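Chemist: Return a 3D structure for these sequence lines:
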Amino acid sequence: MNETAKYRFLVKEGEPSRNGADDAPVFLSLEPADGELSVIKKGSLTMRLKPGTTVDEAQTLAQSIEKFVAVLSYQE
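Modeler: Numbering: from 1, shown residues only. The predicted model follows:
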């Protein structure tokens, strides 16, 4: 089985730690744009970025990924 689907990469920011530090995790959330992979249908897929990654850096990364990646694929 071979499936393909197009996804958008959206920047999300998690909650900071309880001590109020500026350490909210930044991640990319993959959102269906055209079709959806059956293996992801029951949940979601994110890419958690390294600590210290800024929202602006994450946005630049998301734009780069969308520029060069045509589709995600799954092969069984």
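Chemist: Can you verify my assumption that T54 contacts V26?
Modeler: Yes - counting by C-beta atoms under 8 Å, T54 sits close enough to V26 to count as a contact (7.1 Å). In short, each C-beta sits where N, CA and C put it, glycine included.
Chemist: Who has more neighbours out of those two?
Modeler: When T54 and V26 are compared for neighbours, V26 comes out ahead with 22 against 12, by other C-beta atoms under 10 Å.
Chemist: Now do that one against K50, distance only.
Modeler: Using C-beta to C-beta, to the nearest Å, one gets 9 Å for the distance from V26 to K50.
Chemist: Would you mark the buried spots in the host helix or strand of S29?
Modeler: S29 belongs to strand 26-34 when elements are defined using DSSP states H and E. Applying a neighbour-count criterion of 16 or more other C-beta atoms under 10 Å, one finds V26, F27, L28, L30 buried in strand 26-34.
Chemist: And stretch 68-76, how far out from the chain middle?
Modeler: Distance of stretch 68-76 from the chain centroid (C-alpha atoms, centre = their mean, to the nearest Å) equals 14 Å.
Chemist: scratch that, stretch 50-63 is what I was asking about
Modeler: Put simply, stretch 50-63 sits 11 Å off its chain's centre (C-alpha atoms, centre = their mean).
Chemist: Can you show me the helices along this structure?
Modeler: Remark: helices assigned in the chain by DSSP state H are 55-68.
Chemist: Can you get me the start-to-end distance on stretch 40-53?
Modeler: 26 Å (C-alpha to C-alpha, to the nearest Å).
Chemist: Pull out the buried residues from that stretch.
Modeler: Residues of stretch 40-53 classed as buried: I40, L49, T53 (neighbour count, 16+ other C-beta under 10 Å).
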